[in-house]
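Enquirer: make a model of this:
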Amino acid sequence: MMTGAEPITVTISHRLGREEAKRRIDRGLASIRAEVAQYVKTLDYEWNGYELDFRTSVMFQTITGRIDVQEEYIRIELGLPRLLHMVAKTVTGRIEKTGRALLDPPKG
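Expert: Prediction:
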């Protein structure tokens, strides 16, 4: 399923349990889709149990990935085409920030 070079992997811990983490990710997909709409042509995804497979097209490049939801962490694998590996560090930081926002308890 992954493309090109070795996939980028991001792991984010949480204390929500598997069901709540999946629910938050699922609920957050709408806002993520709206946030990236100006950059991506398509964003398709499908849940298979606690794994979310996704595929998107950015700058005429296809990105594939999977989010694996576990009891105490989520693991995101992202297959970037070689051309987009130049921005891998930026992408990784963005994924971590968005993931933590979805999984952390509300502040205040």
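
Enquirer: against which helices or strands is the longest helix seen in the chain packed?
Expert: Criterion DSSP state H: the longest helix present in the chain is helix 18-36. Identification of packing neighbours for helix 18-36 by 3 or more CB pairs under 8 Å, 6 or more residues apart in numbering; DSSP states H and E yields strand 40-48, strand 51-58, strand 61-69, helix 88-103. To be clear about C-beta, it is placed using only N, CA and C from the backbone, and glycine gets the same treatment.

Enquirer: hmm, who's touching that helix?
Expert: 14, 16, 43, 45, 47, 50, 52, 56, 67, 69-71, 74, 98, 102-103 (CB atoms under 8 Å, 6 or more residues apart in numbering).

Enquirer: then stretch 59-68?
Expert: Stretch 59-68 has contacts (CB under 8 Å, 6+ apart) with 1-3, 7, 25, 39, 50-57, 74-81, 83-84.

Enquirer: and the residues you listed, which of them are buried?
Expert: Using 16 or more other CB atoms under 10 Å as the burial test, the contacts of stretch 59-68 include 3, 7, 25, 50, 52, 54-56, 74, 76-81, 84 as buried.

Enquirer: where does pLDDT dip in the chain?
Expert: 1-5, 106-108 (pLDDT under 70).

Enquirer: could you check how far K22 is from N48?
Expert: 11 Å (CB to CB, to the nearest Å).

Enquirer: same question, H85
Expert: Applying CB to CB to H85 and N48 gives a distance of 27 Å.

Enquirer: got the contact list for the residue nearest to Y45 when sequence neighbours are not counted?
Expert: Sequence neighbours aside, F54 is the residue nearest to Y45 in space, at 3.9 Å (criterion: CB to CB, 6 or more residues apart in numbering). F54 makes contacts with 43-46, 64-67, as judged by CB under 8 Å, 6+ apart.

Enquirer: if we use 10 Å, what do you get?
Expert: Listed by CB atoms under 10 Å, 6 or more residues apart in numbering, the contact set of F54 reads 29, 32, 43-46, 63-67, 76, 78.

Enquirer: one more: V58?
Expert: Counting by CB under 10 Å, 6+ apart, V58 touches 36, 39-43, 80-81, 84, 87, 91.

Enquirer: I appreciate the help and will end here.
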